[in-house]
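Q: Quick one, structure for this:
(2 chains)
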Amino acid sequence: MSVKIYNTLTRKKEPFHPLEKGHIKLYVCGITSYDYCHIGHARSALAFDMIVRYFRYLDYKVTYIRNFTDIDDKIIARAAEQNTSTEELANRFIDEFYIDMDKLGVDRPTMEPKATEHIQEMIDLISELIDKDMAYAANGDVYYRVGSFAEYGKLSGRRLEDMQAGARIQINENKDDPMDFVLWKASKPGEPNWKSPWGDGRPGWHIECSAMSRKYLGDTFDIHGGGQDLIFPHHENELAQSEAATSKPYVNMWIHHGFVTIRDEKMSKSLGNFLTIRDILSHYHPEVLRFFIFSTQYRNPLDFSEEAMQNAMTGLDRLYECIATVEGMRDDFSTQSKQIASAKDITKLTSIKERFQKAMNNDFNTALAQGVLFESAKVMNKISRQIDKQPCQSDYDLLTTAAATIIKLASIMGILQEKADKYLAAKKAAMLEQIEISEDEILQLIKERNHARDEKNWSQSDEIRDRLLAHNIELNDGATGTGWSIKKD
RNA sequence: GGCGGCGUAGCCAAGCGGCUAAGGCACUGGUCUGCAAAACCAUGAUUCAGCGGUUCAAAUCCGCUCGCCGCCUCCA
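A: Predicted coordinates:
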């Protein structure tokens, strides 16, 4: 059973097989480093983190390259504003990026090349294109001759004629054709620049990915990924450059993820409706953001709202509570106890892995995979609540194995990775800080209330409970005593 | 104007030609409880934006209409 992936190039879901058996070569467009990252960047990093983790779970070797664009117009402009160098600015925000990624628990790619460290490779590639007459130099700039690449537009499904009709194309008298795009830009005075056969200048945006992917992954590799906004022009142009230079297919499979939206509009700086990763992580546990991001399939738009985050948190807590209950089970079983799990329950719980993989094999359908986790938790809760004191061996084994399986599978999405009791305790402690009552006070009041309850003094008992409720503390009277929790809004 | 995507219960979200249209949140009833909370059980779309068509069979394929979104300029 192979993984099926939606390929932007063919607009179909296709079974995926790497060129080299057992070894996947993946290139993903990373950030342009000039500002803090927002949730959209988080979605990109997390989507590919999940994809790589899933491939590795399936025992593939994955070589994962994600670049940093550390020179471009925006970086130059921002550096000038801040009176600093492009290098300092780019490196500063790369450091900030790592802070966010580490908090989110995103695994590092195999390599993270920077554009400015691959100038020579880009110059070499541009020279090859000029030699083949696919590119031309003009006044210190170098342009790609779009019209000479017959398949131009095949990735984004555009035809040159259509684009020219309605496009806002900058007038540039250096270009032979308005659709030609820049490979090398002559530098203006004071701008960062590198020596080249065409004079001092700097690379265009698209060429870096062609040069770096070729260096680290070869002329043809398995998967190239990025956000849907990169399909055109970035990936279209990359493809055109690389295939023109090598005369080989550039990439077999193109993966593009959807946007994060707010009130159904794309999150973007120009609209001012973006939230940074650190904004979110100051209010929510990183796993809540991960849970939220994986609550829909990666290609669909994902609408951000506080309500959706609360929803994600509730769902994550539910899974943690289920695991905590199983882990809190007395770890000795009894030969006296009867088996509670039905044949149907056993089937459900022994097929978790299979059902989860089936979901993931269908174009990384994390939404469906989360459904498998919830269904499993429900069955486990059902069994757990019926166990009286000690489980029988078969139930004990079934539940502990199921919990371990869920934790393992959830690690692909990077959720449920904390010890369940610690996660729940930490959450309680964090929420306790927000209300004006200490744990000691709560425990004291519970003690008083239980005393009243022993005397069947219900009015006093309820009065104490209401007093705690005023502080958002909910009580739960169980067989082993009275517990408390913070009430959700 | 060109290209692409989406429209499934109050909300989120699976479904990719054929088993009762997953799952979560919310709501309601029940079990449990002194009363609650949590958990569990039960309950909700004769129907998948609308209209036609293909098929023995369509939410799933095709066409048209309506609505929303994205790309065509930097953008995850």
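
Q: Domain-wise, how is chain A divided?
A: Domains of chain A are assigned by automatic domain parsing as A:4-277, A:318-425, A:435-486.

Q: can you list the weak-confidence ranges in chain A?
A: Chain A contains residues with pLDDT under 70 at A:1, A:164-171, A:488-489.

Q: Any idea which residue of it lies closest to RNA strand B?
A: Closest residue of chain A to RNA strand B, C-beta to the nearest atom of the strand: residue A:227 (1.9 Å). Where C-beta positions appear, they are placed from N, C-alpha and C, glycine not excepted.

Q: Surely that residue touches residue A:260?
A: No. Applying C-beta atoms under 8 Å, one finds residue A:227 not in contact with residue A:260, separated by 9.8 Å.

Q: Which neighbours do those two have in common?
A: Residues within reach of residue A:227 and of residue A:260 at once, by C-beta atoms under 8 Å, 6 or more residues apart in numbering, are residue A:40.

Q: of these two, who's got more company?
A: Relative neighbour count places residue A:260 above the other of residue A:227 and residue A:260, with 24 against 19, counting by other C-beta atoms under 10 Å.

Q: in the stretch 351-489 of chain A, which spans are strands?
A: In the stretch 351-489 of chain A, the segments counted as strands under DSSP state E, counting those that start in this stretch are A:473-478, A:481-486.

Q: can the first one be found next to RNA strand B?
A: Looking back up the chat, that one is strand A:473-478. Yes. Judged by C-beta under 7 Å from any atom of the strand, strand A:473-478 and RNA strand B are in contact via A:474, A:475, A:476, A:477, A:478.

Q: buried residues in that strand?
A: Across strand A:473-478, burial judged by 16 or more other C-beta atoms under 10 Å covers A:473, A:475.

Q: Tell me the strands beside that strand, with direction?
A: Using DSSP bridges, strand A:473-478 pairs in its sheet with strand A:481-486 (antiparallel).

Q: Kindly export the strand it pairs with (C-alpha atoms) in PDB.
A: The C-alpha coordinates for strand A:481-486 follow below in PDB (Å, rounded to 0.1, in the frame of the first residue of the first chain):
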ATOM      1  CA  GLY A 481     -12.200  11.100  46.700                       C
ATOM      2  CA  THR A 482     -12.900  14.600  45.400                       C
ATOM      3  CA  GLY A 483     -10.900  16.000  42.600                       C
ATOM      4  CA  TRP A 484     -11.000  19.500  41.100                       C
ATOM      5  CA  SER A 485     -10.400  21.100  37.800                       C
ATOM      6  CA  ILE A 486     -10.600  24.500  36.200                       C
END
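
Q: Could you check that strand against RNA strand B for contacts?
A: Yes. Against RNA strand B, strand A:481-486 shows contacts by C-beta under 7 Å from any atom of the strand at residue A:485.

Q: Please tell me how far the nearest residue to residue A:413 once chain neighbours are set aside sits from residue A:42.
A: What sits nearest to residue A:413 in space, not counting adjacent residues and going by C-beta to C-beta, 6 or more residues apart in numbering, is residue A:294, at 4.8 Å. According to C-beta to C-beta, to the nearest Å, residue A:294 stands 12 Å off from residue A:42.
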